[in-house]
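> I would like to see how this sequence folds:
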Amino acid sequence: MDPHLLRTFVTVVRRRSFSAAAEELGYTQSAVSQQIAALEADLGLALLSRRPVEPTDAGRRLLEHAEPLLLRHSAARADVLRSAATPAHRLTLALSPLALTPEVALRLAAARSEQPRLRLSLRSAAREQVAVQVASGEAELGLADGIAAPNDPLRMPDVGPLSARAVAERELVVVLPPGHPLMGRTGLRLADLADAVWLRTPLCPLERLRELAGDGFRPGLSYQGDNVQAVLHLVAAGHGLTLLPAGAGRGVPLLAPRVVHRVELLHATALSGPAAPLAATLSRIEGEVRH
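Down below sits the predicted model:
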């Protein structure tokens, strides 16, 4: 299947309009209709209903494959271009909200000292988007964080051939409101808090807690931002508990299950130019894993 036709199909589904997709892609509406017709002729199946514009059952099945295929196509193109590019001194580092730990900030300072010509831009993104941006070439390097067992790699989306190196691991703490009866404990078990109300936040997904400790973890207020200070204020006001890496907020250490806050450096399989020494400075020598 032609990736250009797939991209048009995905855009039409996302915008729910042939005319809106045409405007976004820079085509005429007639050209978009012809491309969808060509894709349907290639497969011998109707992929879209027209009024309203929405995918058929076959279209929904194709959509499941189309978006990962297009992402891998972009990743392959970016990888080839990276390998042929002339080394520059401008780099973009994509990082998820809790990836910029004190250790990482110090290593960035060391890297800039070692490469005084380096012009580094930091770009915040959701954890999955960090991988997408590195694979597509939007960022040369990425820092992603998440909850994992000690020395285990993070679960990352399959966006293409990326290497991941361990950067930091910190213990997790349960953040409680002031005056909470458990505040004086020396440690807490996650399973003992399953009946509590928890914030719904991307910084600590409830789905991950349920994977670790079973059912429960009643959802409280939903906050879809990534501002750690805002999360701390919400916990303090009684909207729910949360987990954060030690140092990001005051709390009681999590004793069980044995999991940590892990930060990984993501990059293309082959590094060149200033990205290579920057990656070496940011990461440990040991701990390289493959996604």
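
> could you pull out the helices for the stretch 51-200 of the chain?
57-84, 102-114, 127-136 (DSSP state H, counting those that start in this stretch).

> quick one: which of those has the weakest pLDDT on average?
Note on the helices of the stretch 51-200 of the chain: helix 57-84 shows the lowest mean pLDDT, a mean of 75.

> thinking Ser49 is in contact with Thr56, fair?
Yes. Between Ser49 and Thr56 there is a contact under C-beta atoms under 8 Å: 6.0 Å. C-beta coordinates here come from the backbone N, C-alpha and C atoms, glycine included.

> circling back to that earlier point, just the helices of the stretch 51-200 of the chain: most buried one?
helix 127-136 (a mean of 24; mean count of other C-beta atoms under 10 Å).

> off-centre distance for that one?
Distance of helix 127-136 from the chain centroid (C-alpha atoms, centre = their mean, to the nearest Å) equals 6 Å.

> and it, what does it pack onto?
Applying 3 or more C-beta pairs under 8 Å, 6 or more residues apart in numbering; DSSP states H and E, we find helix 127-136 packed against helix 57-84, strand 90-95, strand 141-148, strand 162-175, strand 260-268.

> and the ones you listed: which comes nearest Ala109?
strand 90-95 (13.3 Å; C-beta to C-beta).

> partner strands of the closest one, parallel or antiparallel?
Sheet pairing for strand 90-95, assigned by DSSP bridges, gives strand 119-124 (parallel), strand 141-148 (parallel).

> winner for burial among those strands?
strand 141-148 (a mean of 24).

> reformat the strands paired with strand 90-95 as JSON lines; add mean pLDDT.
Listed next are the strands paired with strand 90-95 as JSON lines, based on pLDDT from 0 to 100:
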{"stretch": "strand 119-124", "mean pLDDT": "94"}
{"stretch": "strand 141-148", "mean pLDDT": "95"}
